[in-house]
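K.L.:
Coordinates only, no sequence provided:
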């Protein structure tokens, strides 16, 4: 159980000094903002799966603040929850989130390719316009030089 009312998870969230803590944590862990808000405000203990995702997502930032948690040990300090998920469920959850992220990345790549094609076409048209303008300008100079002879 938590010792002396000190919650190391909440202390770690605070130590990160995140400007938009709920949004940042939700984005990095893949959890909903309302759930993250409840957990980081201490209204409900966070589920084990979230804790694992949180410490994985912020490992580098916490290490920079010399915070190194053994997540398994930390989880023993929280009261057991009826919604504790099994490792299998946790892996399924991660797989689902990764699949969603992969789909978003594929969509982003396709949009990027379409935008590159549009940009290439636009650049080709502009190159033609510039070349025509340069040609017309040079022909004008040549005509002026010939007429002044």
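P.N.:
Okay, I see it. No experiment lies behind these values; they were computed from the predicted model shown. Numbers count the residues shown, from 1 in each chain.
K.L.:
ranges for the helices of this structure?
P.N.:
For the chain, applying DSSP state H gives helices covering 8-16, 21-29, 33-40, 48-57, 59-64, 71-75, 87-147.
K.L.:
Residues contacting the third one, please?
P.N.:
Contacts of helix 33-40 from elsewhere in the structure, counted by CB atoms under 8 Å, 6 or more residues apart in numbering, are 10, 13, 21-23, 25-26, 29, 44-46, 50. For every residue, glycine as well, the C-beta is placed using N, CA and C.
K.L.:
Repeat the analysis, applying 7 Å as the threshold.
P.N.:
Residues outside helix 33-40 that contact it (CB atoms under 7 Å, 6 or more residues apart in numbering) are 10, 13, 21-23, 25-26, 44, 46, 50.
K.L.:
got it, and the second one?
P.N.:
Helix 21-29 is contacted from outside by 13, 18, 32-33, 36-37, 40, 50, 53-54, 57-58, using CB under 7 Å, 6+ apart.
K.L.:
How far away from the center of its chain is it?
P.N.:
On the basis of CA atoms, centre = their mean, to the nearest Å, helix 21-29 sits 9 Å off its chain's mean C-alpha point.
K.L.:
Compute the inter-axis angle for that helix and helix 87-147.
P.N.:
Angle, helix 21-29 to helix 87-147, by axes from the mean of the first three to the mean of the last three CA atoms, to 10 degrees: 90 degrees.
K.L.:
Of all the residues in helix 21-29, which ones are buried?
P.N.:
Neighbour counts over helix 21-29 (16 or more other CB atoms under 10 Å) mark 21-22, 25-26, 28-29 as buried.
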